[in-house]
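**Q** Pasting the sequence and the predicted model now:
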Protein chains: 2
Amino acid sequence: MVGRILIVDDVATNRIVLKVKLGAACYRPMLAADGAGCLAIARAEAPDLILLDLKLPDMSGIEVLRHLRDDPTTRDIPVIMISAMSDPASRLAALAAGADEFMAKPYDDLLLMARMRSLLRARELPADVGPRGAALQALGLAEAAEPFERPVLIGIVAERADPTAKWRRDLAPLLPDRVVILSREEALEESGPAPDVFLITSRIGDAGLRLMSDLRSRPETRHAAICILQADASTERAAIAFDLGADDLVGASVDPRELRLRLRNLMRRKQRGDRQRETVQTGLRLAIIDPLTGLYNRRYAAAHLAAMAERAQESGHPFAVMVIDLDRFKMVNDRWGHAAGDAVLIEVARRLEKNLRQGDLLARIGGEEFLVALTDTRLSDARTAAERLCQAVQERPIPLPGGEPLSITVSIGLAVDDAGAVGLEPVAEVVNRADLALMASKNAGRNQVTISRTFA
Amino acid sequence: MVGRILIVDDVATNRIVLKVKLGAACYRPMLAADGAGCLAIARAEAPDLILLDLKLPDMSGIEVLRHLRDDPTTRDIPVIMISAMSDPASRLAALAAGADEFMAKPYDDLLLMARMRSLLRARELPADVGPRGAALQALGLAEAAEPFERPVLIGIVAERADPTAKWRRDLAPLLPDRVVILSREEALEESGPAPDVFLITSRIGDAGLRLMSDLRSRPETRHAAICILQADASTERAAIAFDLGADDLVGASVDPRELRLRLRNLMRRKQRGDRQRETVQTGLRLAIIDPLTGLYNRRYAAAHLAAMAERAQESGHPFAVMVIDLDRFKMVNDRWGHAAGDAVLIEVARRLEKNLRQGDLLARIGGEEFLVALTDTRLSDARTAAERLCQAVQERPIPLPGGEPLSITVSIGLAVDDAGAVGLEPVAEVVNRADLALMASKNAGRNQVTISRTFA
């Protein structure tokens, strides 16, 4: 989809000039002549970016911006405020209302385009990681009980101590967040938490831009918001800074209040991105976890077994698989209800987990069925482990939600893949043998371990 | 984690010089003096990048590279081959074996660092999107039956037609993939599938680098691999090109065979990235989908209901919720087994789905329980819809896996949130009323719809 840019200006000539420029740059321009038109189009069409004139006939651009930021459907659309005036009050008001940039006419087209690219690039994560955002929204809401509350850290990077001391003085009383002064090396080294926002001062010139590229190539700082503080205000250099990945850029003579507002906007954007990335992680975790017990699910177990079998083939070390089934579990559900059944499953999962090693796989692969896989394990050790699991489940009754304790046992089928003896036995075969051994345990009276031996 | 770079060189001085340079650039260098050492460290430590000397005492660098590319644990580590020789045969052999770059001594440090940054930046996706890659691996394996087989498209971008015609001639017989020649505008506009790999020629100079930034800011081309073909071989400009996002860079006099190998490596990298992104999408989808019926799961339904209720509050339009439960389903499982029960659930889900509108929500929220949410729906329409669903399930018996057809019915509880009448009724209350209405349907003999009315 070509970037759709909403141009909001009450002067027809201005709209048309911008429309032609954006069209030539291969964007799809949309037009609005007043605030009401802007809000209507923004809500209905969700443009990728808005170029918003400060002065409009029906309401001020600031007011329009506030409405945009209040509405969940338009909240995240980047807005560049454009104005004939460049008085500090207007700039500060626009930034305070949540403008991503303020450009006074006449502005440089090259710089406007670079600024647009940087905002469009920063915006793409949500569309990237969910079917029309639905998954992200659902997963985000599912996890809403766990809010993201890490304090923000701002890192100021400069070569000399003096000028940054001034910045720290300027910023410290204005920003409630922690500010640290870093050398270039300290910014790149891991020591404590990485800053969320970097302010890289112009004293280090091109080395500053290189540092930005360096921060972008390292996992801890890849998603940091970076503001470049530039001594020379060449628009060409500014455009390159944006294309190199700067999220914002200010001149050395910037008003500390403006810098504070810009940093605040960057912090918000960084936190929004962090939340989205967390949601993706959550989603991936949920896809491989059994929600009831917190153990890995069947899907993950299958992938883990396949990888384990491949490694065993290469190393020649045997692995063991257990299939574990709760005895007479249907009766628990029928007699005490599903809540009691769930409590039993959770407690059994906990006991199994406590009696396995860190690297062992434990998964819930069916209603009352678990799977354990042990790497580099001989038959005798696997049998000991299986008997320990049997014992751990039966040794103490499990208290039901009502308080009544219930004696529970498990039956286990165990199979070892001795690669050396049988050659390329497929992992499905090993699990199948464990399944058959489990049936033998059931038939022999439950609460016991049966071992399947290979045919060799 | 600071980037860990493995330096492989048999000359101690070379190792130490590079170690000092990389340490100053805040990387953590690791050292190997021969091929066997390189392979052992690469497998055990999984460095982020390898600088590999072409000539080693025990085997050639090419041979080491082949081993690295054959082993799943080291396959994706970027490798820059470093050599005292720059003969075409060595370059081609290194690239053919899967080297990401070939640098002949003496090389420019600035350029080496920029190249390293570009490779490290491109590499970060996997670590980013999975708990230690486990989720990705599991989900990737879970989806392995659906291989990624889209043909690769290469786009050559240049301002004049003549020089590109030469490139097309050079490349066409060598690359089995489709090659298209594009103007700058065509590269940015959506018309047909976006190229996977762009080759941007130097004739357009800085505009070429700007085009790259533009491609990176647009969703369709954001993840494309980009190779810059540079007329002037200034190392500073080359370093900037890498920091601006180039994945590869060649001089205008490049040997077509070398270009072909480089493009092939870029295609592979692009496809690998596509697969990883698909896996993330899959994972997110799996987290909100019920695997048996393919309907949304309870988690998604909760988020959807919350969003729907919020919209209804704003618009003042009512929404309806149905809770649908299969009648006597336990009997199906007990008498015909779980496979029959699953077949019934799948068929009921299909019939419900067929009888709802595109925008309606249908989710499986429990074993035999479904939820339907209808936006902008009055009570009379919702009742008609519910009765249609009842009818759709009962009208034809459902064939069981064995072939025997079984008559199935559902009971439905329906509640409408008439925001205008009751004000801020929480969505949980509406679902709760639908649940109570469902119980009334069950008590009244099943296979029917009961409506819960608000107290107003």
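**A** Yes, it's here.
**Q** Which residue ranges make up the domains of chain A?
**A** According to automatic domain parsing, chain A is divided into the following domains: A:4-107, A:153-287, A:298-452.
**Q** what's the residue lying closest to A:Leu261 once chain neighbours are set aside in contact with, if anything?
**A** Closest residue in space to A:Leu261, ignoring its immediate chain neighbours: A:Leu95 at 3.9 Å, by CB to CB, 6 or more residues apart in numbering or on different chains. The way it works is simple: take the backbone N, C-alpha and C, and place the C-beta from them, glycine included. The neighbours of A:Leu95, taking CB atoms under 8 Å, 6 or more residues apart in numbering or on different chains as the test, are A:102, A:258, A:261-262, A:265.
**Q** element containing A:Leu95?
**A** Element membership for A:Leu95 (DSSP states H and E) is helix A:88-96.
**Q** Quick one: mean pLDDT for that helix?
**A** Helix A:88-96 carries an average pLDDT of 94.
**Q** ditto for stretch A:71-79
**A** In this model, stretch A:71-79 has a mean pLDDT of 88.
**Q** could I have it exported to PDB, CA atoms only?
**A** What follows is stretch A:71-79 as a C-alpha-only set of coordinates in PDB (Å, rounded to 0.1, in the frame of the first residue of the first chain):
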ATOM      1  CA  ASP A  71      -9.300   9.000  19.800                       C
ATOM      2  CA  PRO A  72      -7.900   5.400  19.900                       C
ATOM      3  CA  THR A  73      -8.400   5.100  16.100                       C
ATOM      4  CA  THR A  74      -6.200   8.100  15.300                       C
ATOM      5  CA  ARG A  75      -3.900   8.300  18.400                       C
ATOM      6  CA  ASP A  76      -0.900   6.800  16.700                       C
ATOM      7  CA  ILE A  77      -0.900   8.600  13.400                       C
ATOM      8  CA  PRO A  78       2.300  10.700  13.000                       C
ATOM      9  CA  VAL A  79       1.500  14.400  12.700                       C
END
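**Q** sec struct for the closest residue to A:Ala224 other than its chain neighbours, please.
**A** Among residues not flanking A:Ala224 along the chain, A:Phe198 sits closest, at 5.5 Å (CB to CB, 6+ apart). Judged by DSSP: H, G, I helix; E, B strand; the rest coil, the three-state class of A:Phe198 is strand.
**Q** Surely A:Phe198 and A:Gly155 touch.
**A** Yes - in this structure A:Phe198 lies within contact range of A:Gly155 using CB atoms under 8 Å: 5.0 Å.
**Q** For those two, indicate the residue with more neighbours.
**A** A:Phe198 (26 against 22; other CB atoms under 10 Å in any protein chain shown).
**Q** show me what contacts the more buried one?
**A** A:Phe198 sits in contact with A:154-157, A:187, A:212, A:215, A:221, A:224-227, where contact means CB under 8 Å, 6+ apart.
**Q** In these, find the pair that's most separated.
**A** Pairwise distances across those (CB to CB) peak at 15.3 Å, for the pair A:Ile154 and A:Met212.
**Q** Name the helix or strand for the residue nearest the centre of chain A, please.
**A** Centroid-nearest residue in chain A: A:Arg277, 1.4 Å away (criterion: CA atoms, centre = their mean). Using DSSP H and E, A:Arg277 sits within helix A:256-286.
**Q** Check A:Asn333 too.
**A** Here A:Asn333, judged by DSSP H and E, is contained in helix A:329-336.
**Q** I'd like to know which elements that helix is packed against.
**A** Secondary-structure packing of helix A:329-336 (3 or more CB pairs under 8 Å, 6 or more residues apart in numbering or on different chains; DSSP states H and E): helix A:338-354.
**Q** ok so, going back, so which of the contacts of A:Phe198 are in helices?
**A** A:187, A:212, A:215 (DSSP state H).
**Q** List buried residues within those.
**A** Among the ones in helices among the contacts of A:Phe198, those classed as buried by neighbour count (16 or more other CB atoms under 10 Å in any protein chain shown) are A:187, A:212, A:215.
**Q** how far away is the first one from chain B?
**A** With the distance defined as CB to the nearest CB, to the nearest Å, A:Ala187 ends up 8 Å from chain B.
**Q** Who are the contact partners of that residue?
**A** A:Ala187 neighbours (CB under 8 Å, 6+ apart): A:155, A:157, A:195, A:198, A:211, A:215, A:221.
**Q** Just the pLDDT at the closest residue to the fifth one other than its chain neighbours, thanks.
**A** Pointing back at A:Leu211 there. In space, and not counting its chain neighbours, A:Leu211 is closest to A:Arg184: 5.5 Å by CB to CB, 6+ apart. A:Arg184 is assigned a pLDDT of 84 by the prediction.
**Q** Verify the contact between A:Arg184 and A:Arg210 for me.
**A** No - between A:Arg184 and A:Arg210 there is no contact under CB under 8 Å: 9.1 Å.
**Q** quick one, phi/psi of A:Pro72?
**A** As for A:Pro72, its main-chain torsions (degrees, to the nearest 10) stand at phi -60, psi -30.
**Q** Count the residues that sit near it.
**A** 10.
**Q** tell me the SS of A:Val372?
**A** strand.
**Q** Mind checking the domains of chain A for the one nearest to B:Ala309?
**A** Closest approach to B:Ala309 among the domains of chain A (CB to CB): domain A:4-107, 13.2 Å.
**Q** Which positions in stretch A:15-23 come out as buried?
**A** Here stretch A:15-23 shows A:15, A:18-19, A:22 as buried, counting by 16+ other CB under 10 Å.
**Q** which one of those is nearest B:Met322?
**A** The shortest gap between B:Met322 and any of the buried residues of stretch A:15-23 belongs to A:Leu22, at 47.0 Å (CB to CB).
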